[in-house]
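Participant: here you go, sequence then predicted model.
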Amino acid sequence: MSQLHGVLQPLEWESQFFSLPSAIVRVSDDAPPLTASDFTSWQRVQAKIPATRADWLDALQQQGFRLVEGEVDLAIAVTQHANPGGERATEQDIPALRQLAAQAFAQSRFRAPWYAPDDSGRFYAQWIENAVKGTFDHLCLVFRAADGTLQGFVSLRQLNDAEARIGLLAGRGMGEKLMQAALCWAQQQKLSTLRVATQMGNTAALKRYIASGGNIESTAYWLYR
């Protein structure tokens, strides 16, 4: 039987947002052993581990954790890109963006039965609102139809002097344009790498990111207890 070693960290924002006392276990071979009693004060405990660590997967499952989804993380080298016409979202766009995000991300890892049926949509609606306001992600780029309705959006966060990460990206048939807009913005900031993660099962997103120059850097599993 694999022994689970790790450290529990409270997830304060998620605990408050979902009204569900939540923590994440940072699994590490160097950390002290964890037992079932360590988890009793938390209604939801998350874990994210490299997909290569089958021993950690076994140890988590033996402690009652269940697999929620796989994640693929990609890196794209930033090269010269023509601006495809995206513009920065403003606070006037927030209601429409919230609605788009809630629909696009209804089946994320914050889905039922782990969370309430509308929790995933609420979470990502708040994420995109925060991006427009520059909280967590730093900005949101949008494309509009001729009548002004929003067709798609991408949020971005600069990580350091060289790298940025795509937070959320959504818009039916807009993937290529949204990626060009994100890469154009990264180039304007003089960054060298744009990072993005997606669900392992989202083959359409994976194909789009690879077609945009993405290289798979790592894969991981999310588990909940």
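Facilitator: Cool, got the structure.
Participant: just the helices in this structure please.
Facilitator: 12-18, 54-62, 94-104, 119-132, 175-188, 203-211 (DSSP state H).
Participant: relative to R44, which of those is closest?
Facilitator: The minimum distance between R44 and the helices of the chain falls on helix 12-18, with 7.7 Å, by C-beta to C-beta. In short, each C-beta sits where N, CA and C put it, glycine included.
Participant: list the buried residues of the closest one.
Facilitator: For helix 12-18, the neighbour count (16 or more other C-beta atoms under 10 Å) marks E14, S15, F18 as buried.
Participant: for these, which one is nearest D137?
Facilitator: Nearest to D137 among the buried residues of helix 12-18, counting by C-beta to C-beta, is E14 at 16.4 Å.
Participant: need the contact list for that closest one.
Facilitator: Contacts here follow C-beta atoms under 8 Å, 6 or more residues apart in numbering; on that basis E14 touches L20, S22.
Participant: go again with 10 Å.
Facilitator: Residues near E14 by C-beta atoms under 10 Å, 6 or more residues apart in numbering: L20, P21, S22, A23, I24, R44, Q46, F110, Y115, F123.
Participant: try A104
Facilitator: By C-beta under 10 Å, 6+ apart, the residues touching A104 are G121, Y124, A125, I128, G152, F153, L168, L169, A170, G171, R172.
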